[in-house]
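**Q** Dropping a prediction and its sequence here:
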Amino acid sequence: MIADEIVNKLNDRFTDLGLECKVDKGHAVAIVPVDNLAGLLKSLKTEDELGFNFFMDITAVDWQEREPRFEVVYHLYSTEHNHRLRIKTNVKEGQDVPTSTGLWSIADWMEREVWDMYGIRFSGHPNMKRLLLYEEFKGHPLRKDYPYDKQQPLVEPTWPVRETQAKMDDVKIHRP
Amino acid sequence: MEMSWKLKEKPPYQSAVDRVLGWSRKYSIFPYPFITACCGMEYMSVASSHYDLDRFGAGLPRFSPRQADLLLVVGTVNHKLSPVLKRVWDQMAEPKWCMAFGACASVGGPYNNYAVLQGIDKIVPVDIYIPGCPPRPEAVLDGLMKLQEKIQNQKHDLFWK
């Protein structure tokens, strides 16, 4: 199915989910309230003619001044039908998103990455902890209010002076 | 590639023992390549036959820090990795030297963000910095020769401390 067909199909099939479907730059996009997200994803995965069996990506956008603040974005693909869908859902700060690990197991790590970078929790996730950063890290670095160059070193900066270490004066630069 | 290969005059405080040890140590460097990023390609180029680090006596990489005496930090080191680098450095036996290979290891390179350590000299003492992103093999050889000069001219402990 091409993008228009998917949009029409979704509009017909999911009338009761408060779905907002459109074609954006040739790509099918669906905006769904977070309460209906789990049901929508389950149908998209399990129904034969939709058949989104490949969970490509999940990420988030921090709109900082907008309310609700975050937007979680899913990218789905069907290897069977060769069609794609982007799903967006708006969440407030501190609000949970239902996990997709029961449908696609790769969602496990991807959701952990979103938690790591944006601080959006996924309810029902089996192992909701940081994926890329270390446990001692405070805050979530891809939020817009995280200072871009704020660092949290694990090793205290030290400059040990060794007696045997040569001084820079010992080296003369030879040029022909 | 025309580079003067004469050593400078010996500093007056340097004893004969220092000179002998310096001479012997500078030609038997055992590097430990701590490779994390794309500079590793450049290191491979330097280490293999075309540019050939072996000409300078640094040809045999030891993949255990306990057997090495030159820590080559090749590539970006981030904060999550920094305890590992620190431990590798602490495990190396004296005498030991450290080389920051490329812009990332020297100062953090283009990355000034939450993740990247802004230069490995924050946690380990660096003897020689090689600039470049990545450095040319000639630059690495030049750096190695500078390091040899440093080793020749520094003080050495005759006995193991």
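**A** Structure's in. What do you need? What you are looking at is a predicted structure, and each value in this text was computed from that prediction instead of being measured.

**Q** Report the secondary structure state of residue A:72.
**A** Three-state assignment for residue A:72 (DSSP: H, G, I helix; E, B strand; the rest coil): strand.

**Q** Then the one 5 residues further on?
**A** Under the three-state scheme (three-state DSSP), the conformation of residue A:77 reads as strand.

**Q** which residues does it contact?
**A** A:52, A:54, A:56, A:83-85 (Cβ atoms under 8 Å, 6 or more residues apart in numbering or on different chains). Any C-beta I mention is one placed from the backbone N, CA and C, and that applies to glycine too.

**Q** closest to chain B among those residues?
**A** residue A:56 (24.3 Å; Cβ to the nearest Cβ).

**Q** circling back to that earlier point, what about burial for the contacts of residue A:77, which qualify?
**A** Neighbour counting by 16 or more other Cβ atoms under 10 Å in any protein chain shown classes A:52, A:83-85 among the contacts of residue A:77 as buried.

**Q** Residue B:96 - how many residues pack around it?
**A** 21 (other Cβ atoms under 10 Å in any protein chain shown).

**Q** Quick check, pLDDT for it.
**A** For residue B:96, the pLDDT comes out at 89.

**Q** Residue B:67 is in contact with that one, correct?
**A** No. Residue B:96 lies out of contact with residue B:67 (Cβ atoms under 8 Å); the separation is 11.3 Å.

**Q** For residue 27, which residues are in contact?
**A** As the question left the chain open, I've gone with chain A. Contacts of residue A:27 by Cβ under 8 Å, 6+ apart are A:3, A:84, A:86.

**Q** actually chain B
**A** By Cβ under 8 Å, 6+ apart, the contact set of residue B:27 is B:56-57, B:148.

**Q** Lowest-confidence one in the residues you listed?
**A** Pick the lowest pLDDT in the contacts of residue B:27 and you get residue B:57, at 87.

**Q** Which of the buried ones among the contacts of residue A:77 fall within strands?
**A** Counting by DSSP state E, the part of those found in strands is A:83-85.

**Q** just curious, which of these is nearest to residue B:102?
**A** Distance ranking of these against residue B:102, using Cβ to Cβ, places residue A:84 first at 39.2 Å.

**Q** And for the closest one, nearest residue in space, chain neighbours not counted?
**A** Using Cβ to Cβ, 6 or more residues apart in numbering or on different chains and skipping residues adjacent in sequence, the residue nearest residue A:84 is residue A:77, 5.0 Å away.

**Q** From residue A:74, how far out is residue A:84?
**A** In this view, residue A:84 and residue A:74 are 11 Å apart by Cβ to Cβ, to the nearest Å.

**Q** Among the contacts of residue B:27, which lie within helices?
**A** Residues of the contacts of residue B:27 located in helices (DSSP state H): residue B:148.
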